[in-house]
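A.B. asks: coords please:
(chains A and B)
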Amino acid sequence: MNHIDTVRHFVVENFLFGDGESLKEDTSFLETGIIDSTGILELVMFLEESYGVKIEDDELIPENLDNIRNITQFLERKLNGSPSLSKLG
Amino acid sequence: MENIKNTSLFKAIESITPSFVKAISKKVFWKIVRYYHRCRYIKKGRFVEFGYRFRFDRKHPYRAYIGERTIIEDFNVWNTQSGNIVVGERCWFGLNNIVMGPVEIGNKVSTGQYVMILGPRHPVFAPDQIKRHKTTIGNNVWISSGSIILFGVTIGDNAIISAGSVVTKDIPEGSFVGGNPARNLSALVNKTWKQADQNIIEQAKILEDMSL
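C.D. replies: Sure, this is the predicted structure:
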């Protein structure tokens, strides 16, 4: 299972209660209200535990965590060790 | 000096007094002492209200200072055994808060239920080696229920702390934090709020069009 399926499965199971038909790859979690502030923390905990990455406070921005595509790109960047987007630039 | 307990008068009174009277008088005595402490060692402005069972512990040089129109709800515990508590005007402390000095709180701070604002470290060092930390909270901060603010933290103005978060680091102005340990979520939450505002504006436009 690749990153997209894992993240999608987690979001659908935890926030949409199994009804994931309307969830596309670029559906914004924050604009549609799928995930709120406590949900973001759950998502970050899930990413940190399942992939073993450490997500800093500066990386909690919409460009990294807003939709499934952003999350997978962010994860790949993290796992490859290349510098990621952050608030500081 | 002769011990007062050996005098015949004391023995006579003690033998006559039933035990429940002793227990009740002890309770009443400590109630009066606590009330005296509250009146004597809290300097408060006008219109300050205390709820039911406000508990105030203190030690010699330290006091609590409360600004005007601050409301403190029921079951609060305020402890100034290791530093002053300074509270600004128009604050609201929810049910069952614990505030331990040294703490400095600004104006218009409101807290939810079961919030703990801690000033001192646990005394693992010798008392003279402890470096006193001071918790500082800015103006207009909203601390949601169940969150814990650890010693030595500085919280900026207009910050929001979401429910159940444990604040271990300093928080900049106007940010939204949450989680254990508290993380800065303001960039993500701002996007949600902007979208919510946009939705409201669009709905208003639709309603205007309908009425026209």
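A.B. asks: where's the longest helix along chain B relative to the chain centroid, distance-wise?
C.D. replies: Counting by DSSP state H, the longest helix found in chain B is helix B:186-211. With C-alpha atoms, centre = their mean, to the nearest Å as the basis, helix B:186-211 stands 36 Å off its chain's centre.
A.B. asks: Against which helices or strands is it packed?
C.D. replies: Helices and strands touching helix B:186-211, by 3 or more C-beta pairs under 8 Å, 6 or more residues apart in numbering or on different chains; DSSP states H and E, are helix A:29-32, helix A:37-51, helix A:62-65, strand B:176-178. Where you see a C-beta, it was placed from the backbone N, CA and C, and this is true even at glycine.
A.B. asks: can you pull up the bridge partners for the one residue sitting closest to the centre of chain B?
C.D. replies: With distances taken as C-alpha atoms, centre = their mean, the residue of chain B nearest its centroid is B:Val99 (3.6 Å). Beta-bridge partners of B:Val99, counted by DSSP bridges, are B:Trp78, B:Ile117.
A.B. asks: wait, it sits on B:Ile85?
C.D. replies: Yes - taking C-beta atoms under 8 Å as the definition, B:Val99 is a contact partner of B:Ile85 at 5.9 Å.
A.B. asks: which residues are in contact with both of the two?
C.D. replies: With contacts taken as C-beta atoms under 8 Å, 6 or more residues apart in numbering or on different chains, B:Val99 and B:Ile85 have B:Trp78 as neighbours in common.
A.B. asks: Of the helices and strands packed on helix B:186-211, give the one that comes closest to B:Lys27.
C.D. replies: strand B:176-178 (42.2 Å; C-beta to C-beta).
A.B. asks: what sits up against that closest one?
C.D. replies: For strand B:176-178, contacts defined as C-beta under 8 Å, 6+ apart pick out A:37-38, A:41, B:159-165, B:167, B:171, B:183-186, B:189-190.
A.B. asks: Are any of those residues buried, and if so which?
C.D. replies: Listed as buried from the contacts of strand B:176-178 are A:37, A:41, B:159-165, B:167, B:171, B:183-186, B:189-190; burial here means 16 or more other C-beta atoms under 10 Å in any protein chain shown.
A.B. asks: Near chain B, which residues of chain A? Just list them.
C.D. replies: Contacts of chain A with chain B, taken as C-beta under 8 Å from any C-beta of the partner chain, map to A:28, A:30-31, A:33, A:36-38, A:40-41, A:44, A:57, A:60-62, A:65-66, A:87.
A.B. asks: Give me the ChimeraX select line for those residues, limited to the buried ones.
C.D. replies: Buried residues among the residues of chain A next to chain B (16+ other C-beta under 10 Å), as a ChimeraX selection:
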select /A:28,30,31,36,37,40,41,44,57,60,61,62,65,66
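A.B. asks: So, low pLDDT: which residues of chain A?
C.D. replies: Low-confidence segments of chain A (pLDDT under 70): A:1, A:82-89.
A.B. asks: Go again with 80.
C.D. replies: Counting by pLDDT under 80, chain A contains low-confidence ranges at A:1-2, A:18, A:20-21, A:81-89.
A.B. asks: which residue packs closest to B:Gly106, ignoring adjacent ones?
C.D. replies: B:Asn139 (3.8 Å; C-beta to C-beta, 6 or more residues apart in numbering or on different chains).
A.B. asks: That neighbour: helix or strand, and which one exactly?
C.D. replies: Using DSSP states H and E, B:Asn139 falls within no helix or strand.
A.B. asks: For B:Gly45, see how far away it is.
C.D. replies: Noted for B:Asn139: a distance of 16 Å to B:Gly45, by C-beta to C-beta, to the nearest Å.
A.B. asks: out of those two, which sits in the busier spot?
C.D. replies: Counting neighbours by other C-beta atoms under 10 Å in any protein chain shown for B:Asn139 and for B:Gly45 shows that B:Asn139 has the greater number, 18 against 14.
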